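>>> sharing a model that was predicted from the sequence below.
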Amino acid sequence: MNWLKPSWQGVLAIALCVVAVVLGAMSKPEAAALADTAASAAYPYHATKLLMMGLVVVAALVSMIRIAPLIEAGVLFVGAHLTAWLLISGIGGFEGTALAPYYLLLAAAWLLGWRCVAVLSDIRPAHKGSRTALRLVIPAIFGAWILIIWEAVTRGAGIPFILLPPPSAIGARFANSLPILGADVRQTILKAVLFGYIVGSGAGFITAILADRVPFLRRGLLPIGNMVSALPIIGVAPIMVMWFGFDWQSKAAVVIIMTFFPMLVNTVAGLAASGHMERDLMRTYASGYWPTLVKLRLPAAAPFIFNALKINSTLALIGAIVAEFFGTPVVGMGFRISTEVGRMNIDMVWAEIAVAALAGSVFYGVVALVERAVTFWHPSVRGG
């Protein structure tokens, strides 16, 4: 039996299909048609029910045979995603009528997707390009299943659009509102967020150098920094709008306040990270404060500085969007969210949220890539 490789995901997926067969109808129209055989009512999955169950069972059985991992992952990928596509497309026009077998089959397909990700995670390719591709494919499959389950549950359960629109509706609104979304991104991210992020982080870094040089500033600024970091955005934003007006400058001021102190605190802690032996070595070379700072202490503080930059990349976006709730021209991501909620255009709100999430992820990713390039010598980077 060396050719067998049982997996609990595959066994459970097959078991769920068996239970779905025993329970019978997958939707209320199908149950009504089975109860009244004389009626000719149309119902979903009339021709695809057995196909979907067969796909799940065959993919699960193949995954339990000792074959090449890439082939196994490919079979699982096709079986899981084709089943999910048939499920979602079949419920169209019959939203809110799904019964228990519908969700059991969805869970079975999800288990195959889980097994696919697990198989891909165990692969250790020798080629660097293959490793990079796997690092992209695995989270992509995981994220796709979040959307698949979201779409299937909202359509199958008939969740009201005002509460939670399906991803397909959000994607359609996204595609039809690109000019509006582009204008909001320019106003919020390319103006307020970037300017505030650069100025706030830069000012925090420079102030940290001064605080490290002057003990008086270090003892006085850090307690104030802890206090200011606890200030609520909803309290600061209206004041900044009153001071700097309704345009992007007031939002940039909020971002500066939010990003200044994380950079200050992290940089001060990083400058103290170099060991006494390294500092004593620099003193034996007759190095003064500035050569020691540039050649020893700043490189040792680089992980702390980049940690602050990554934290600020998310804080800046949140701060700018929240600040736009308290006054802005008729453009901006925060303005659009607050306005469309009042109009009950929830799909547009989710489209703005998707843009914000995408922009924040890209921003964070860029900072992380720069960190890997600059701190390639650090154990956390060399180990990854």
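Okay, I see it.
>>> any stretches of this structure with poor pLDDT?
Under the criterion pLDDT under 70, the flagged ranges of the chain are 1-3, 37-42, 229, 275-289, 378-384.
>>> show me it divided up by domain.
Using automatic domain parsing, the domain parsing of the chain gives 8-159, 174-382.
>>> which residues touch residue 6?
Applying Cβ atoms under 8 Å, 6 or more residues apart in numbering, one finds that residue 6 lies in contact with residue 64. C-betas here are computed from N, CA, C, even on glycine.
>>> assign a three-state SS to it, would you?
Secondary structure, DSSP: H, G, I helix; E, B strand; the rest coil: residue 6 is coil.
>>> gap between it and residue 74?
Separation of residue 6 from residue 74 (Cβ to Cβ, to the nearest Å): 20 Å.
>>> re earlier: can you add mean neighbour count and distance to residue 165 and give the domains of the chain back as JSON lines?
Below are these laid out as JSON lines (neighbours: other Cβ atoms under 10 Å; distance: least, Cβ to Cβ, whole Å):
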{"stretch": "domain 8-159", "mean neighbour count": "17", "distance to residue 165": "7"}
{"stretch": "domain 174-382", "mean neighbour count": "18", "distance to residue 165": "5"}
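>>> of all those, which one is nearest residue 167?
Each of the domains of the chain was scored for nearness to residue 167 using Cβ to Cβ, and the closest is domain 8-159 (4.7 Å).
>>> report all helices and strands that the host helix or strand of residue 338 contacts.
Assessed by DSSP states H and E, residue 338 sits inside helix 333-342. Under the contact criterion of 3 or more Cβ pairs under 8 Å, 6 or more residues apart in numbering; DSSP states H and E, helix 333-342 touches helix 178-185, helix 298-323, helix 346-374.
>>> which stretch among these comes nearest residue 32?
helix 346-374 (31.5 Å).
>>> and residue 48, how far from residue 11?
In terms of Cβ to Cβ, residue 48 sits 24 Å off from residue 11.
>>> contact partners for the closest residue in space to residue 334 that isn't next to it in sequence?
Once flanking residues are discounted, residue 334 sits nearest to residue 324: 2.7 Å by Cβ to Cβ, 6 or more residues apart in numbering. Contacts for residue 324 (Cβ under 8 Å, 6+ apart) come out as 188, 251, 332, 333, 334, 335, 338.
>>> the nearest residue to residue 141 once chain neighbours are set aside: which element?
In space, and not counting its chain neighbours, residue 141 is closest to residue 117: 5.5 Å by Cβ to Cβ, 6+ apart. Residue 117 belongs to helix 100-122 when assigned by DSSP H and E.
>>> mind giving me the packing neighbours of whichever helix or strand comes after that helix?
The first helix or strand that comes after helix 100-122 along the chain, using DSSP H and E, is helix 128-157. Contacts defined by 3+ Cβ pairs under 8 Å, 6+ apart place helix 128-157 against helix 69-90, helix 100-122, helix 167-176.
>>> Throw those into TSV and include distance to residue 152, thanks.
What follows is the helices and strands packed on helix 128-157, written out as TSV (distance: least, Cβ to Cβ, whole Å):
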stretch	distance to residue 152
helix 69-90	5
helix 100-122	5
helix 167-176	10
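>>> relative to residue 374, which of the ones you listed is closest?
Across the helices and strands packed on helix 128-157, residue 374 has its closest neighbour in helix 100-122 (28.6 Å, Cβ to Cβ).
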